[in-house]
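Undergrad: Got a sequence here, can you build the structure:
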Amino acid sequence: MTQKPSLVKNIIYKILLNVFNLIIPILVGPYVYRTLGAHSIGKVQLSETIFNYFFIFAVFGVYQYGLREMSRIKGDPVKVNQFFTSMLTISIGTSIISFLVYLLFSFIGYRDDAIFPILMLYSINLIGNILYIEWVNEAKEKYDFITIKTVLIKIVYIILLFSLVKTSNDYFEYASLLILTTVLNNIVSFIYIKREIKLDFSNISIKKHIRPLLLVVFFSNANILYNQLDRFMLGEFVNEASVSFYVMAQQIMGIINTLMLSIIQVTIPRLSYLSGNDDEDSYLILLNNISKVYFAFLFPASIGLLIVSDTGILLYGGKEFIGAQTTLAVFAIYMISIGIESILSNQVIYVKQKENILVRLVFICGLINLILNTVMIQLDRFTPTTAIITTAVANFLLVAFEYIYIRKYLKINFSLFNFSKIKYLFYSLVFIPISFLLRSFISHYIILFIVTIAVCIVVYGAILFITKDEVSSMFLNKIKAQISKFTK
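TA: Numbering: from 1, shown residues only. I've put the predicted structure just below:
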């Protein structure tokens with residue numbers, strides 16, 4: 001029997017990957033925003049927003065659905081080959097259809113617009129999506145390969161970026177590098193996984209996968225009616241610069257949120273396996289333990305981002321983007337709702353194959369966001385900040401609906417709000433008075449940013465140590481065990 005990869009090892013690899021993905025935007029983001037400026041980078045981001053609507057249907061939910069289903073059958077090579085062939089066939093069809101419709105839409109709607117060349121450039125990603133099979137690597141828990149590959153490709157991206165993007169007129173080169181990185185990543189992963197999986201058309205099935213894939217398309221792309229909707233409406237009803245303000249705040253939050261979500265992403269295959277084999281007790285134990293670990297990082301990260309939102313914007317984008325500081329502060333609160341919703345939707349509802357319910361809830365709350373945005377436009381109050389406020393309201397409602405469904409209808413004994421999980425929020429609130437105190441002594445924004453983060457980390461660590469927190473104890477024991485192993 002094949003030995004399962006270590007879950008802790010996978011989490012470490014995933015965190016290492018996301019730490020690297022955290023460092024890259026920190027290094028590259030300030031350079032890109034300062035070099036291109038709000039107007040030029042706004043063109044790229046608006047083009048990307050339009051493209052994403054078509055990309056959603058090109059991907060067609062294969063990533064999430066494929067990850068879950070292959071995690072259930074990965075012990076049977078024949079079924080794996082047949083399932084992979086079915087998903088690849090579907091991806092070819094959806095990618096080509098999306099590509100043709102996207103070209104037609106771009107030509108009719110934007111052929112005389114300055115962003116038209118960028119839209120044409122993004123069409124390459126629709127064809128490149130055919131080779132996007134990272135879900136296979138994740139289902140097989142090959143996080144070591146994913147990490148090494150991504151690091152090497154991103155290093156190439158950084159070198160080319162600093163070599164080619166030098167003025168505000170180089171936004172086309174910047175967009176080209178984003179697309180090149182994506183396509184190269186897809187090609188390398190496809191070549192790697194094809195060494196283990198073969199195409200098998202002997203029992204290919206398409207029709208039976210269409211309905212569940214359609215459901216995944218809707219629930220896994222909630223940003224159609226949330227963040228993507230905000231960005232599109234800002235571009236259409238305000239201006240391109242407002243899109244860049246919104247996206248900058250979203251990217252800063254995303255840098256941190258991606259690291260937090262490592263824990264959830266890595267555990268989905270294992271949770272799917274346990275649930276698929278009716279091991280409910282083990283499923284609940286893992287779900288509760290992972291939730292505790294996640295909240296131990298999520299709450300301090302969110303409150304920490306809130307208190308450094310102004311200095312963070314100055315560091316990342318400079319004075320030209322200082323107007324985005326309030327938007328970032330709201331994104332920090334919004335990040336809490338994203339984290340909780342990710343657990344409820346990905347680790348519970350989707351793993352339990354109730355995505356049809358999830359689609360309805362996502363659609364209802366997304367419609368609420370659309371209505372609220374429309375009201376803001378009519379009142380002439382639609383800005384990057386009010387856009388994310390309405391989205392946060394809609395997403396917290398989504399969390400409430402999902403939690404009620406899990407407790408009342410799925411009858412899963414999973415509690416979000418017991419003290420063992422929510423205590424990390426209370427611990428993190430101490431950051432707020434610390435921030436006010438430090439601001440009375442430190443005026444330079446760079447020093448204030450560094451000192452605030454350092455002091456909050458030390459204080460939070462001290463609280464966990466004094467309270468003998470089980471999550472911190474678990475990580476310390478793992479580190480000690482690894483040190484002991486290497487020193488023997």
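Undergrad: Just the C-alpha atoms of stretch 151-159, please, in CSV.
TA: Provided in CSV are the C-alpha atoms of stretch 151-159 (Å, rounded to 0.1, in the frame of the first residue of the first chain):
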residue,chain,number,x,y,z
VAL,A,151,9.8,29.3,-7.1
LEU,A,152,12.0,28.8,-10.2
ILE,A,153,9.4,30.3,-12.6
LYS,A,154,8.7,33.3,-10.4
ILE,A,155,12.5,34.0,-10.2
VAL,A,156,12.5,34.1,-14.0
TYR,A,157,9.5,36.5,-13.9
ILE,A,158,11.2,38.8,-11.5
ILE,A,159,14.4,39.1,-13.6
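Undergrad: any idea how far the helix or strand hosting residue 282 is from the chain center?
TA: For residue 282, the host element (DSSP states H and E) is helix 280-307. In terms of CA atoms, centre = their mean, to the nearest Å, the centre of helix 280-307 is found 16 Å from the chain centre.
Undergrad: Could you list every helix and strand that the longest helix along the chain packs against?
TA: Taking DSSP state H as the criterion, the chain has its longest helix at helix 7-59. Under the contact definition 3 or more CB pairs under 8 Å, 6 or more residues apart in numbering; DSSP states H and E, helix 7-59 sits against helix 77-110, helix 116-128, helix 143-164, helix 171-193, helix 207-220, helix 227-237, helix 240-276, helix 309-317. Every C-beta, even on glycine, is put in place using the N, C-alpha and C of the backbone.
Undergrad: nearest to residue 65, of those helices?
TA: helix 207-220 (4.7 Å; CB to CB).
Undergrad: Buried ones in that closest one, by neighbour count?
TA: By neighbour count with 16 or more other CB atoms under 10 Å, helix 207-220 contains the buried residues 209, 212, 213, 214, 215, 216, 217, 218, 219, 220.
Undergrad: Which residues outside it are in contact with it?
TA: If you take CB atoms under 8 Å, 6 or more residues apart in numbering as the criterion, helix 207-220 is touched by 56-57, 59-65, 86-87, 90, 345, 350, 355-356, 358-359, 362-363.
Undergrad: so how many other residues sit close to residue 155?
TA: 12 (other CB atoms under 10 Å).
Undergrad: Now do it against residue 28, distance only.
TA: Noted for residue 155: a distance of 11 Å to residue 28, by CB to CB, to the nearest Å.
Undergrad: And for residue 435?
TA: 27 Å.
Undergrad: Which residue of those two possesses the greater neighbour count?
TA: Neighbour count, other CB under 10 Å: between residue 435 and residue 28, residue 435 has more, with 19 against 16.
Undergrad: how near is that one to residue 212?
TA: 46 Å.
Undergrad: so what's the residue nearest to the spatial centre of the chain closest to, chain neighbours aside?
TA: Centroid check for the chain by CA atoms, centre = their mean gives residue 258 as the closest residue, at 5.3 Å. Nearest residue to residue 258 in three dimensions, chain neighbours excluded: residue 18, at 5.1 Å (CB to CB, 6 or more residues apart in numbering).
Undergrad: What of residue 396?
TA: Distances taken as CB to CB, 6+ apart place residue 337 nearest to residue 396, at 4.9 Å, with adjacent residues excluded.
Undergrad: isn't that neighbour right next to residue 393, touching?
TA: No - look at residue 337 against residue 393 with CB atoms under 8 Å: they stay out of range, at 9.2 Å.
Undergrad: Give me the angle between the longest helix of the chain and helix 116-128.
TA: Angular relation of helix 7-59 and helix 116-128 on a 0 to 180 degree scale: 120 degrees, by axes from the mean of the first three to the mean of the last three CA atoms, to 10 degrees.
Undergrad: Name the next helix or strand downstream of helix 7-59, please.
TA: helix 62-73.
Undergrad: How far away from the center of its chain is that next one?
TA: Using CA atoms, centre = their mean, the mean C-alpha position of helix 62-73 is found 18 Å from that of the whole chain.
Undergrad: average pLDDT across that helix?
TA: The average pLDDT within helix 62-73 is 85.
Undergrad: Please apply the same query to stretch 446-460.
TA: pLDDT averaged over stretch 446-460 gives 96.
Undergrad: Now it: buried residues?
TA: So, applying 16+ other CB under 10 Å, buried residues of stretch 446-460: 448, 449, 452, 453, 456, 459, 460.
Undergrad: ok, now stretch 284-300?
TA: By 16+ other CB under 10 Å, the buried positions in stretch 284-300 come out as 286-288, 290-300.
Undergrad: hmm, which two among the residues you listed are most spread apart?
TA: The largest separation in those, counting by CB to CB, is between 286 and 300 at 22.8 Å.
Undergrad: number of nearby residues for residue 246?
TA: 28.
Undergrad: same question but for residue 281, I mixed them up
TA: 9.
Undergrad: Which pLDDT value goes with residue 372?
TA: Predicted confidence (pLDDT) for residue 372: 97.
Undergrad: secondary structure element for it?
TA: Going by DSSP H and E, residue 372 is in helix 355-378.
Undergrad: What helices and strands are in contact with that helix?
TA: Helix 355-378 packs on helix 207-220, helix 227-237, helix 384-408, going by 3+ CB pairs under 8 Å, 6+ apart.
Undergrad: For these, give me JSON lines that also has distance to residue 332 and mean pLDDT.
TA: Conversion of the helices and strands packed on helix 355-378 to JSON lines gives the following (distance: least, CB to CB, whole Å; pLDDT from 0 to 100):
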{"stretch": "helix 207-220", "distance to residue 332": "24", "mean pLDDT": "82"}
{"stretch": "helix 227-237", "distance to residue 332": "15", "mean pLDDT": "92"}
{"stretch": "helix 384-408", "distance to residue 332": "10", "mean pLDDT": "95"}
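Undergrad: Adding distance to residue 32 as columns, could you present these in a markdown table?
TA: Shown next, in a markdown table, are those (distance: least, CB to CB, whole Å):
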| stretch | distance to residue 32 |
| --- | --- |
| helix 207-220 | 28 |
| helix 227-237 | 17 |
| helix 384-408 | 18 |
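Undergrad: mind checking which of those is nearest residue 121?
TA: Between residue 121 and the helices and strands packed on helix 355-378, the tightest spacing by CB to CB is seen for helix 227-237, at 17.4 Å.
Undergrad: can you tell me the distance between the two ends of stretch 301-314?
TA: Stretch 301-314 has an end-to-end distance of 19 Å (criterion: CA to CA, to the nearest Å).
Undergrad: residues making contact with that stretch?
TA: So stretch 301-314 is contacted by 248-249, 252-253, 256-257, 259-260, 321-322, 324-326, 328-329, 331-333, 335-336, 339, 425, 428-429, 431-432, 434-435, 445-446, 448-449, 452-453, 456 (CB under 8 Å, 6+ apart).
Undergrad: Report the buried members of those.
TA: Buried, going by 16+ other CB under 10 Å: 248-249, 252-253, 256-257, 259-260, 321, 324-326, 328-329, 331-333, 335-336, 339, 428, 431, 434-435, 448-449, 452-453, 456, out of these.
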